[in-house]
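1. Any chance you could fold what I've pasted below:
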Amino acid sequence: MSRVRLFVDVDQPLAEGQTVSLSREQAHYLFGVMRLGTGEALTIFDGRDGGHAATVAEAGKRGGTLLCGPRTEPHRPPADLWLLFAPLKKARTDFAVEKAVELGVARIVPVLTDHTNAERVRTEKMRAHVIEAAEQCGATAVPDVAPPGR
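-> Take a look at the predicted model:
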C-alpha cells in the first residue's frame, strides 16, 4: 500500500478502471511535492467509498490523471460526533480542527461568541485543512464543515 494518500472529489463512486482528473493543486502536490511520476502508486479516497489503489497515468505541471485500481480499504463512516467550538487564532484553530479529524468527528461547526478571538472564519480554508488532515491520518471519511453560526 502506498504512503501517499489523496482525496478526490468525484461525482460518481470510485470504481476499478476509472480515470480521475487532477486539479492544478493536486498535480502540484503529487508531482512537485511528493515527486511521483507516471506509473507510480498511491491511494485515493472520495469520502464515500473507502480507499482505492491508483496509479499515475499522466503527470503534468498543470494537471494529470490517475487510474483507479481495486478497493484496498472499506469506508469507515465517522461516529455521529460534532465539534462545536469558538474559533481561536489561526494556528490554534487549525490544530483543533486537525485533532478533531483524527478523532473521527462527522461535522465541524464554528460558533461565533461575544468573546471569539478571531477576526473572521474562512470555512473554505478550514475545509482544505480538514481534507489535508484526513489524507495524513488515514481516514476514509471527510467531516463536513458548517458555516459559522451564533
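
2. can we go C-alpha only for contacts and neighbour counts from here?
-> Noted.

3. For the residue nearest the centre of the chain, which three-state class applies?
-> Nearest residue to the geometric centre of the chain (C-alpha atoms, centre = their mean): I131, 2.2 Å. Assigned by DSSP: H, G, I helix; E, B strand; the rest coil, the conformation of I131 is helix.

4. in what helix or strand does Q136 lie?
-> Following DSSP states H and E, one finds Q136 within helix 123-137.

5. Going along the chain from that helix, find the next helix or strand for me.
-> strand 144-145.

6. Within the sheet, what are the partner strands of that next one, with directions?
-> Within its sheet, strand 144-145 is paired with strand 107-110 (parallel), according to DSSP bridges.

7. next one: the partner strand to chain centre, how far?
-> Chain-centre distance of strand 107-110: 15 Å, with C-alpha atoms, centre = their mean, to the nearest Å.

8. Looking at the spatially most distant residue from the centre of the chain now. What's its pLDDT?
-> When distances are taken from the C-alpha mean of the chain, D114 lies farthest, 31.2 Å away, according to C-alpha atoms, centre = their mean. Looking at D114, its pLDDT stands at 85.

9. Please, which helix or strand holds it?
-> Short version, using DSSP H and E: D114 is in no helix or strand.

10. do the one 3 residues further on as well
-> Following DSSP H and E, one finds N117 outside all helices and strands.
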